[in-house]
Structures are given as structure tokens and as C-alpha cells.
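*Asks:* coords please:
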Amino acid sequence: MKKRELGRSGLMVSEIGLGCMSLPQQKEQAKKIVDAAIDQGITFFDTADLYDKGENENVVGYSLKGKRNDIILATKVGNKWNDEGNSWSWDSSKSYITHQVKESLQRLKTDYIDLYQLHGGTMENNLEEAIDAFESLKQEGLIRAYGISSIRPNVIQRFLSQSDASSVMMQYSMLDRRPEEWLDLIASHDASVITRGSLAKGLLTAEAIKRAEQSNGYEKYSKDALISTLTKLEENTKDLTSLALAFVLQHKQVSSIVVGASSVNQVNNTMDAYQQSISSNVLEEINDLLTKDQYTEHLT
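*Replies:* This next block holds a predicted model:
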């Protein structure tokens, strides 16, 4: 497994990371998946305090027991469940973040978080207060680096311009190329990209056509356009998942692709695809088959 630096943080993350949101709540089952990921060379694990109302962090902490020093651990903050537990609200205040990090540390069974990410945000929020909280937590040694998870270019730009953020998590795949125009901007702030959704809800796997036929389309693709595009992509590669991963990793600004897994087989299948080589010629040829879209919202 190759590794890349997360921004200029000094943290080296595996090119494939495990998105822990999909882990089963049963701890022993989850541990088998985490163990399989580590055996395959995955050292980057991402969760959030929002997932399963914090229970996902408990599962991750249990699964990583005894392996903490060998991995890079990321979680997110900013969404607060209400007392009834049926909805959440946004809170990026320093008081909330500095309180919530202690809750996450306890659930994750660790003394520090490698990457702490703001989980959303809008231009109306006091992002400066959140940044101040992250900087304070770095000084205390409770976190090693921080970033933001967002698909709002204006929020990302503002956050990066006023902080020492190391990363931006964004949805990015062959079927959603909107982030491409922002990659250079992110790199210019000495940050890197962590991608999610790079397999496009399974549309860029061996089940591509089946899933497309059961869908109503994806992003800017209508159902018919999606089926047509996936058919052409399959004609140009032996393994669509391999192509999807290589397409994202061709960008030097991308540090890691976070891929979810709810079974050991899914981890192994992803890693089998990652290990396959895709030539630069193939990556160039498929560009003409894909829609190159841009963000049209949250730009001002």
C-alpha cells in the first residue's frame, strides 16, 4: 500500500482509507473488517461523532484496540443530536468542539485524534471560532491536524484562507467531477483532498449496470445516460473499480480515497482492485466518456 502526506501535516495516510460509517454495530463483526483492512495495508480510518449517535466511534475504538500506534485516525465534529435523538443541529462553537473532542476521545479509546474535521458548515457560521478551537486542541496535543468535510466551495475557500487546515474531504468520482476545478486552490493552501463516494454508491463496481438500472440516475446523469456511460466504461477496462480508484489517485492533490465496507469481502475486493495497474493512456481515453461538471451553488 502506498502512502501520501496529508497536506503538510507530516501525517502519512494510506492511499485507500476505510470509511467506518458502514461498519456493523456488532463489535466483533466490525473488528474482523478492521483487521482485514489493516492486514491489507490500510492505515487510515475515518469516522464521525454523528454516525450512529456516537456508537460508530465506540465500535472503531474497540476494533483498533492495541493497534493505535500503527494507524492514522480521523473523526468529525459539528453536528449535535437533540435530546430526543431524532434529529441534529449545527454547532461549530469553540465550547461545543472542545467538549465534544473529549467525548470522541473517550469513545475512540485514545489520547489523541490524528485528523479532526469540521463536519459541514455554511457561510453564515462562525468558522473562525471553529478554527480557533482546532488550533487550541493542536496546542494541547489532543489533535495532530485538522480539516473540513464539505462540498461548498465558498466555505472551503474561506476555511482554508484563515486556517492551517491539512485536508478537505469531498465527494469525487468519475461520475462526479465537480471538485476538479478546486484541486489546485486546495493545494495552494498546502492542504490535500480526501475523497468519499469515489465508487459512486456502487455504480463503479462489478454491479454497475444492475445498480444503474435500479436507479433514477446519478448526479447530472439521467438513468439512460448513466447506463450508456457505464457500458462504455466497462468496454474500456477489465475492472471498473480499478479504473475508478486510479482515476481519482491520478491527482497528486488527493491523499486518500475513503471507501466504506460492511464485510471482509468488500475490503478484499477493493484492495484487489487497487492493486491492479491502470495505464495513463486508459485514463486519458476515458475522459471523453465522462461529463466534466462544475459546482453551480455555494460559489459566492
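*Asks:* can you pull the contacts of Lys32?
*Replies:* Counting by Cβ atoms under 8 Å, 6 or more residues apart in numbering, Lys32 makes contact with Val264. C-beta: built from backbone N, CA, C; applies to glycine.
*Asks:* again with Lys2
*Replies:* Ser14, Glu15.
*Asks:* The closest residue to Lys220 other than its chain neighbours and Ala200, how far apart?
*Replies:* Among residues not flanking Lys220 along the chain, Asp293 sits closest, at 5.2 Å (Cβ to Cβ, 6 or more residues apart in numbering). Between Asp293 and Ala200 the computed distance is 13 Å (Cβ to Cβ, to the nearest Å).
*Asks:* next one: Val267
*Replies:* In terms of Cβ to Cβ, Val267 sits 18 Å off from Ala200.
*Asks:* Glu28 now?
*Replies:* Glu28 sits 31 Å away from Ala200, going by Cβ to Cβ.
*Asks:* Okay, buried residues for stretch 153-165 please.
*Replies:* Pro153, Val155, Ile156, Gln157, Arg158, Phe159, Leu160, Ser163, Asp164, Ala165 (16 or more other Cβ atoms under 10 Å).
*Asks:* how about the residues you listed, which pair is most distant?
*Replies:* Pro153 and Asp164 (19.7 Å; Cβ to Cβ).
*Asks:* Shouldn't Ile148 be within a strand?
*Replies:* Yes: Ile148: assigned to a strand according to DSSP: H, G, I helix; E, B strand; the rest coil.
*Asks:* May I have the secondary structure class of the residue lying closest to it once chain neighbours are set aside?
*Replies:* Counting by Cβ to Cβ, 6+ apart, Ile148 lies nearest to Leu118, which is 4.5 Å off, once chain neighbours are set aside. Following three-state DSSP, we place Leu118 in the strand state.
*Asks:* neighbours around Leu11, how many?
*Replies:* Counted with other Cβ atoms under 10 Å, the neighbours of Leu11 add up to 20.
*Asks:* What of the one 3 residues further on?
*Replies:* Here the number of neighbours of Ser14 (other Cβ under 10 Å) works out to 24.
*Asks:* Please name the residues that touch it.
*Replies:* Met1, Lys2, Lys3, Gly41, Ile42, Thr43, Phe44, Ile72, Ser256.
*Asks:* Filter those down to the ones in strands?
*Replies:* Within the contacts of Ser14, residues falling in strands by DSSP state E are Lys3, Phe44, Ile72, Ser256.
*Asks:* Now render the residues you listed as TSV, adding pLDDT and neighbour count.
*Replies:* Formatted as TSV, those follow (pLDDT from 0 to 100; neighbours: other Cβ atoms under 10 Å):
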residue	pLDDT	neighbour count
Lys3	98	16
Phe44	98	29
Ile72	98	22
Ser256	98	29
